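S.K.: Sequence and predicted structure, then a few things I'm wondering about:
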Amino acid sequence: MSDLELHKHLPLLPEAALQEFTEWCVLEQATAAGCKLTPDKTKLDNLAPGEYIPKLIDQFMKVKPDPIKAGLVAVIAGQQSDKHNLSGVAALVDFVSLYVKYLIPKDGSTPEQAEEILTKAGQHQCEKLVEIATKHGVTF
């Protein structure tokens with residue numbers, strides 16, 4: 001599976017798997033982009049995944065080490081996510097995975113280096129999604 005197909009698989013996953021993938025994106029993968037989130041657990045405890053995911057994403061979107069870059073990346077991720085025509089929690093997870101992926105290439109000094117970093121970040125997301133899906137009994 002390529003990262004271009006990632007969005008096609010999100011609606012197939014149970015919300016618990018989407019929650020786990022979202023947590024991985026915003027708590028682990030985002031640190032590569034310099035976005036360190038310490039979630040406010042008091043606002044997340046005991047929430048069902050359908051409520052937890054938007055609240056975690058909301059907390060994450062408020063972490064902006066570089067507000068200009070974060071704003072531009074949010075627009076790009078939003079436009080791409082809109083083209084995927086997902087709805088509900090799957091749409092939120094699609095957006096945040098794209099947002100995190102596009103924040104990562106802070107070290108690429110040429111377009112080729114940045115593209116290579118994006119490709120690796122997307123592949124890492126796909127590998128993690130397959131791992132989580134398998135754990136939840138879903139195969140692609």
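M.R.: Structure's in. What do you need?
S.K.: For Leu103, give me the pLDDT.
M.R.: Leu103 carries a pLDDT score of 84 in this model.
S.K.: likewise Leu86?
M.R.: Leu86 carries a pLDDT value of 96.
S.K.: Tell me the secondary structure at it.
M.R.: At Leu86 the chain is in coil, as set by DSSP: H, G, I helix; E, B strand; the rest coil.
S.K.: Give me the distance between the residue minimising distance to the centre of the chain and Asn46.
M.R.: Nearest to the geometric centre of the chain sits Ser97, at 1.9 Å (CA atoms, centre = their mean). Separation of Ser97 from Asn46 (CB to CB, to the nearest Å): 25 Å. For glycine as for every other residue, the C-beta is placed from the backbone atoms N, C-alpha and C.
S.K.: do the same with Ile57
M.R.: Distance, Ile57 to Asn46, using CB to CB: 18 Å.
S.K.: What is whichever strand or helix holds Ile132 packed up against?
M.R.: Using DSSP states H and E, the secondary-structure element containing Ile132 is helix 111-135. Judged by 3 or more CB pairs under 8 Å, 6 or more residues apart in numbering; DSSP states H and E, helix 111-135 is in contact with helix 6-9, helix 15-23, helix 88-103.
S.K.: Just the angle for the last one relative to helix 111-135, thanks.
M.R.: Spelled out, it's helix 88-103. Calculated by axes from the mean of the first three to the mean of the last three CA atoms, to 10 degrees, helix 88-103 forms an angle of 150 degrees with helix 111-135.
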